[in-house]
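In: Sequence and predicted structure below; questions after.
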Amino acid sequence: MEYSGRCACGAVEIRILGKPLAVRQCWCRHCQQIAAGGPTHNAVFRAADIGIEGPTASHDYVADSGNILTRTHCPACGTPILGGSSARPDMRAVRLGVLDEAHGLRPTIAIWTSEAPPWALLDPALEQYPQQPPAPPAPQS
């Protein structure tokens, strides 16, 4: 499978050669902050399957899970590109909004639902975890 996309200003391009290990909706407070109050929507891929061209900036923080998370974004327009976790250095969570339309990916899991605001509409069809879920299956080389 192949996916591609770009940030809002076009300075950063992403290309992914591989299939997602998971597609998740995250309601943690950090994700709500970067998503203007809602959840982020992320497809987890093998890090080795992802190529990025153009300038990026990143920010590290300690997540509620205790892991060090790295958020990568376009320094010009601020578009979130992907995230990485110290717990899973071989995986990256690509923000669905950066991918070209018609990618066909949709969340199957909602995570950190315990931090969703009271007005959040959680899809009952999604598998739900109040906090950090088990890791997706390890990527195969």
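Out: Done, it's in.
In: I'd like to know which elements the helix-or-strand element of the chain with minimal mean pLDDT is packed against.
Out: Within the chain, no helix or strand scores below helix 29-34, which has a mean of 90 by mean pLDDT, DSSP states H and E. Helix 29-34 sits against no helix or strand, with contacts defined as 3 or more Cβ pairs under 8 Å, 6 or more residues apart in numbering; DSSP states H and E. For glycine as for every other residue, the C-beta is placed from the backbone atoms N, C-alpha and C.
In: After it, which helix or strand is next?
Out: On the C-terminal side of helix 29-34, the nearest following helix or strand under DSSP states H and E is strand 40-46.
In: State the mean pLDDT of that next one.
Out: The average pLDDT within strand 40-46 is 95.
In: and the next helix or strand after it, which strands flank it?
Out: With elements assigned by DSSP H and E, the helix or strand that comes after strand 40-46 is strand 50-53. Looking at strand 50-53 with DSSP bridges, its partner strands are strand 13-17 (antiparallel).
In: which of the residues in the least confident helix or strand of the chain are buried?
Out: By neighbour count with 16 or more other Cβ atoms under 10 Å, helix 29-34 contains the buried residues 30-32.
In: Where do the strands of this structure begin and end?
Out: Counting by DSSP state E, the chain has strands at residues 2-6, 13-17, 22-26, 40-46, 50-53, 57-62, 68-73, 80-85, 88-95, 109-111, 127-128.
In: Can you give the distance of the shortest one from its chain's centre?
Out: I take that to be strand 127-128. Centre-to-centre, strand 127-128 and its host chain are 16 Å apart (Cα atoms, centre = their mean, to the nearest Å).
In: outside of that strand, which residues touch it?
Out: Under the criterion Cβ atoms under 8 Å, 6 or more residues apart in numbering, residues 108-111, 113, 122 lie in contact with strand 127-128.
In: ok, of the residues you listed, which one's closest to Cys26?
Out: Ile111 (5.1 Å; Cβ to Cβ).
In: quick revisit: rebuild the strands of the chain as TSV, extending it with mean neighbour count and distance to Pro118.
Out: Listed next are those as TSV, based on neighbours: other Cβ atoms under 10 Å; distance: least, Cβ to Cβ, whole Å:
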stretch	mean neighbour count	distance to Pro118
strand 2-6	17	33
strand 13-17	18	34
strand 22-26	23	17
strand 40-46	22	19
strand 50-53	14	36
strand 57-62	12	25
strand 68-73	18	25
strand 80-85	22	25
strand 88-95	20	25
strand 109-111	22	15
strand 127-128	14	16
